[in-house]
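Undergrad: Structure, please.
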Amino acid sequence: MTNATVLVGWRRRWNRSLLQFLGRRVRSTVEVEDLAQEIYLRLLRAPDLLQVRNPQAYLLRVAGHVVAEWRREYPPMEALGAEDSDVPVDECLPELTVEAKLSEQRLNQTLERMSPMMRAAVLLRLRDEHSYKQIAQELGLTLRQVRRYLARGYEQLRGVLDE
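TA: The predicted model follows:
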């Protein structure tokens, strides 16, 4: 198995954790995505990822090193004497702000149109990060029903985001 194949599995399993880790340390979402790419590229060059005993910890350790290097290379805006340094770069672009607000409104409208059970399942999964089993227990559903509600809910939400 190659490092690329291993990384696909790691990305599928821990990408959300990695992005959250980076998001707490970096201001701009663009920089978060760039740093994530850098981390995966570095991991591709590792000798043998199959030998890693705790992959998630290793991934976050590499992320910590990449963030530290990035901070040394690109100091915070305050250090450069920039005005409005407390405003993230993404918020400085009015077009992005307007687009984000419109997308949020469309997503909220879509959630409101969902059946109460589907909406509850989607929110428990996306907002509260519950597992399928936890959702099934909390809502009194079978795992198959949870999968069906989530698949349909995701489909509706993707349709809104693709517009």
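Undergrad: Which SSE is immediately downstream of the helix or strand where Ile39 lies?
TA: In this assignment (DSSP states H and E), Ile39 forms part of helix 29-44. Downstream of helix 29-44, the first helix or strand assigned by DSSP H and E is helix 55-73.
Undergrad: show me what contacts Leu19?
TA: 32, 36 (CB atoms under 8 Å, 6 or more residues apart in numbering). Glycine gets a C-beta too; all of them are placed from N, C-alpha and C.
Undergrad: On the pLDDT front, check it for me.
TA: pLDDT for Leu19: 86.
Undergrad: Then Arg147?
TA: pLDDT, Arg147: 93.
Undergrad: do the same with Ala79
TA: Reported pLDDT for Ala79: 49.
Undergrad: for the one 4 residues further on, same thing?
TA: Reading off the per-residue confidence, Glu83 sits at a pLDDT of 50.
Undergrad: Look at Leu141 and give its secondary structure.
TA: Here Leu141 is recorded as coil under DSSP: H, G, I helix; E, B strand; the rest coil.
Undergrad: I'd assumed Lys133 was in contact with it.
TA: No. Judged on CB atoms under 8 Å, Leu141 makes no contact with Lys133 at a distance of 10.5 Å.
Undergrad: Can you pick out the residue with more neighbours from the two?
TA: Leu141 (18 against 10; other CB atoms under 10 Å).
Undergrad: residues touching the more buried one, list them.
TA: Taking CB under 8 Å, 6+ apart, one finds 117, 121, 135, 149 in contact with Leu141.
Undergrad: The closest residue to Leu43 other than its chain neighbours sits in which helix or strand?
TA: Closest residue in space to Leu43, ignoring its immediate chain neighbours: Leu7 at 5.7 Å, by CB to CB, 6 or more residues apart in numbering. Using DSSP H and E, Leu7 maps to helix 3-23.
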